[in-house]
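Engineer: could you look at this predicted model? Sequence included:
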Amino acid sequence: MMSWLVRDTEVLATLEVASKFVSRARGLAWREDFDGALLLPNTKSVHSFGMKFPLDVAWLDEDNMVIRISSLPVRRVTRAVRKSRHVLEARAGVFREWDLSVGDRLEVK
């Protein structure tokens, strides 16, 4: 099911939610292109094996507040972020376009 990623009243992007283990493990791997964002619930770290493009990665706490942002080149693994509850992935450069910052609170609608 497609959702919206929202900050305050601003719709940032269409959002896919990877709610099952297999979809979380796959993430955005093997896709040629991707517009929007992917939310990985109950996730503390991600990988970019099988990726065809680098990623922007944001770790969210239990209130969906951004607690860390990083860039992830292809064929890499991130360290777990201890206080993270969810991870948000998007094509590299998108978070800068959204002006996404640590402390932003996001909503899924």
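Structural biologist: Thanks, I have the structure now. All of these numbers come straight from a predicted model, not from anything done at the bench.
Engineer: ok, now which ones touch the residue most central in space within the chain?
Structural biologist: Geometric centre of the chain, nearest residue: residue 88, 1.5 Å, by C-alpha atoms, centre = their mean. Contact analysis of residue 88 by C-beta atoms under 8 Å, 6 or more residues apart in numbering lists 5, 37-40, 57-60, 66, 106. In this view, the C-beta of every residue, glycine as well, is placed from N, C-alpha and C.
Engineer: any chance of a ChimeraX selection covering the buried ones in these?
Structural biologist: Those of the contacts of residue 88 that count as buried under 16 or more other C-beta atoms under 10 Å are selected in ChimeraX with:
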select :5,37,38,39,40,57,58,59,60,66,106
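Engineer: quick one: which of the contacts of residue 88 sit in strands?
Structural biologist: 5, 37-40, 57-60, 66, 106 (DSSP state E).
Engineer: tabulate those (CSV), appending distance to residue 12.
Structural biologist: Shown next, in CSV, are the ones in strands among the contacts of residue 88 (distance: C-beta to C-beta, whole Å):
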residue, distance to residue 12
5, 5
37, 7
38, 13
39, 12
40, 16
57, 15
58, 11
59, 16
60, 13
66, 12
106, 8
